[in-house]
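*Asks:* 3D model of this:
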Amino acid sequence: MWLTQEAGGIVKSEYDVKEKLFEKEGVELYDSGYFGKILLDDGRALYCEHDSAMRHEVMAHTAMCTHEDPARVLVIDGGDGALAAELLKHPEVRIDIVEPCGAMAEAAAAMGCCADALEDRRVSMTIGDPATFLSEKPDGEYDIVFLNRCGDGRSESGLLSQIERVLDPKGLVVSDASSQLLDMAGHKSALAALENFRIVMPFCYTSMVRPGGEWWLAMGSRFFHPTADINLQRADLTDGFTYYNSDLHIARFALPTSVFEQLRGYVKR
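*Replies:* Reported below is the predicted structural model:
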């Protein structure tokens, strides 16, 4: 059985899968053998067991090692637990998760690698609408907000305005930013959505189950610079990293000259 993934209307990739382990409300879980279990949402592969660290360590720790004192964190669309599992490697962090799809947490239990993170005493998860959740939070509630949309570079402006409101004056946000190779329009849209931040910089991660393999995230920061202000001690001495380190942190922000020229007016560094 083959699992087909498409990107940008211009490329398709196929992955050999053995059986479907879970399906509910558009969330699916497959056992692939080679890639381990593959998690999908509305037909789109999010990540697999063998590339989870490549995405979630880069996403979580790049932000956590940029901010000076990241104690209060919000993850939007984090019901699978993978990003929370990485954030919990920082002992002082407290994490709120808002997940619009209850089936995602059930899929996490079926996947079996990150479900325990959702039971940690430092994690509070709400199943519901992210906009409603944000509307009930006070100004400046969070140091970091993650918009964990896994590949979607087009964020709702209303949701981002709410995110800006709940961020601390030195806060930062990380969102998915699509693909520079296969969806430059979506990538630019994700960067443009962060125009109100003093610093806006894209950084990449590697996916084994998304076409093209190279996908991007975007950081919008009000104060801290992701390469100039990196906390080297936190980046290299925190226990539990298998993929992320300070060298990788800086390297992931590198842009080819031709790409940087295309992104003038979007990147602020």
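
*Asks:* list the neighbouring strands of the longest strand along the chain plus their orientation.
*Replies:* When the chain is parsed with DSSP state E, its longest strand is strand 167-176. Taking DSSP bridges as the criterion, strand 167-176 sits next to strand 142-147 (parallel), strand 214-221 (antiparallel) in its sheet.

*Asks:* how close does residue 183 sit to residue 18?
*Replies:* Per Cβ to Cβ, to the nearest Å, residue 183 is found 30 Å from residue 18. Backbone N, C-alpha and C define where each C-beta goes, glycine included.

*Asks:* all helices for the stretch 51-200 of the chain, in order.
*Replies:* For the stretch 51-200 of the chain, applying DSSP state H, counting those that start in this stretch gives helices covering 52-64, 82-87, 102-111, 130-135, 157-166, 184-192.

*Asks:* residue 199 pairs with what?
*Replies:* residue 221.

*Asks:* check contacts around it.
*Replies:* By Cβ atoms under 8 Å, 6 or more residues apart in numbering, the contact list for residue 199 reads 219, 220, 221, 222, 224, 225, 226, 268, 269.

*Asks:* just the residues you listed now: which is nearest residue 258?
*Replies:* Residue 258 has its nearest neighbour among the contacts of residue 199 in residue 269, at 17.0 Å by Cβ to Cβ.

*Asks:* that closest one is in contact with residue 198, isn't it?
*Replies:* No - with contact defined as Cβ atoms under 8 Å, residue 269 does not count as touching residue 198 (10.0 Å).

*Asks:* the closest residue to residue 236 other than its chain neighbours: neighbour count?
*Replies:* In space, and not counting its chain neighbours, residue 236 is closest to residue 246: 5.1 Å by Cβ to Cβ, 6 or more residues apart in numbering. Residue 246 has 17 neighbours, counted by other Cβ atoms under 10 Å.

*Asks:* please shift the residue numbers so they start at 415 in all later answers.
*Replies:* Understood, numbering begins at 415; the last thing we discussed is residue 660.

*Asks:* report the contact partners of residue 660.
*Replies:* Listed by Cβ under 8 Å, 6+ apart, the contact partners of residue 660 are 479, 644, 646, 649, 650.

*Asks:* of those - the most surrounded one?
*Replies:* That'd be residue 479 among these, by other Cβ under 10 Å, with 24 neighbours.

*Asks:* low-confidence bits of the stretch 515-664 of the chain, can you list those?
*Replies:* 564-571 (pLDDT under 70).

*Asks:* and if we set it to 90?
*Replies:* By pLDDT under 90, the low-scoring segments of the stretch 515-664 of the chain are 519, 522-523, 525-529, 563-572.

*Asks:* isn't residue 580 up against residue 559?
*Replies:* Yes - judged on Cβ under 8 Å, residue 580 makes contact with residue 559 at a distance of 7.0 Å.

*Asks:* which residue of the two possesses the greater neighbour count?
*Replies:* Set residue 580 next to residue 559 and count neighbours by other Cβ under 10 Å: residue 559 wins out with 28 against 22.

*Asks:* beta partners of the more buried one?
*Replies:* Those that pair with residue 559 in a beta bridge, by DSSP bridges, are residue 488, residue 587.

*Asks:* can you tell me the closest non-neighbouring residue to residue 682?
*Replies:* residue 614 (4.5 Å).

*Asks:* now the one you found: how far from residue 667?
*Replies:* From residue 614 over to residue 667 the distance is 11 Å, taken as Cβ to Cβ.
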